[in-house]
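Trainee: Next one to model:
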Amino acid sequence: MALAATLRERGLVTVFDDEAFAVTAVAAAPVTGPAADRILAGLDAARAEEQDLLLRTFLAWVADDGHVAQTAGKLSCHANPIRRLLRRFESYTGKSLAKPRDLAELCLAVEVRIRLTPGTDRRSPPVVPGTVDRLTG
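Mentor: So this is what the prediction gives:
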């Protein structure tokens with residue numbers, strides 16, 4: 001048990017606990033990888049900075065259970081830029097955040113991309129203050 005804790009602390013072991021999307025992402029990588037690429041293909045057309053902001057905004061919004069005002073507060077901006085970013089995310093992906101199946105596909109695809117892309121931090125670090133307004137203004 002002490003060894004497992006040490007390995008976990010060093011980042012050598014990943015514990016998924018109840019993260020169903022994470023387990024699915026890595027357990028079925030030969031299938032989920034190409035599926036995620038297909039689902040997020042439109043997003044790849046965005047500039048790197050915009051793509052990063054859209055993904056971080058989406059992850060923050062999902063973490064806040066879809067509460068735009070709460071997400072805006074965490075990202076230090078008004079709710080309207082968050083709404084614009086989420087609409088842009090929908091536009092790039094061709095998926096609707098209001099449709100449960102689309103939302104589930106997007107959540108899984110983003111989880112797959114985060115888990116299977118080397119060097120990607122699976123946490124969503126805060127967006128630099130002013131970035132949201134600058135890119136959506």
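Trainee: now the helices: where do they sit in the chain?
Mentor: 2-9, 20-27, 29-39, 48-63, 68-74, 79-93, 100-116, 131-136 (DSSP state H).
Trainee: Name the helix or strand of this protein that has the lowest mean pLDDT.
Mentor: Least confident helix or strand of the chain, by mean pLDDT, DSSP states H and E, is helix 2-9 with a mean of 46.
Trainee: Now mean neighbour count too, for the helices of the chain, in TSV please.
Mentor: C-beta here means a position set from N, CA and C on the backbone, and glycine is covered the same way. Shown next, in TSV, are these (neighbours: other Cβ atoms under 10 Å):
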stretch	mean neighbour count
helix 2-9	10
helix 20-27	16
helix 29-39	15
helix 48-63	18
helix 68-74	17
helix 79-93	18
helix 100-116	18
helix 131-136	18
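Trainee: Tell me who's in contact with W61.
Mentor: Residues in contact with W61 (Cβ atoms under 8 Å, 6 or more residues apart in numbering) are H67, V68, T71, I82, L86.
Trainee: So the second one is in contact with P81, correct?
Mentor: The one in question is V68. No. Taking contacts as Cβ atoms under 8 Å, V68 lies outside contact range of P81: 9.9 Å.
Trainee: follow-up on the earlier one: and which of the contacts of W61 is nearest to L55?
Mentor: Closest approach between those and L55, by Cβ to Cβ: L86, at 11.5 Å.
Trainee: Do you know the pLDDT at that closest one?
Mentor: Predicted confidence (pLDDT) for L86: 97.
Trainee: repeat for L75
Mentor: At L75, pLDDT is 86.
Trainee: Quickly note the distance from it to S96.
Mentor: The gap separating L75 from S96 is 22 Å, by Cβ to Cβ, to the nearest Å.
Trainee: between the two, which one's more packed in?
Mentor: Remark: of L75 and S96, L75 carries more neighbours, 25 against 12, as counted by other Cβ atoms under 10 Å.
Trainee: from memory that one sits against F58, does it?
Mentor: No. At 11.7 Å, L75 and F58 do not qualify as touching, with contact defined as Cβ under 8 Å.
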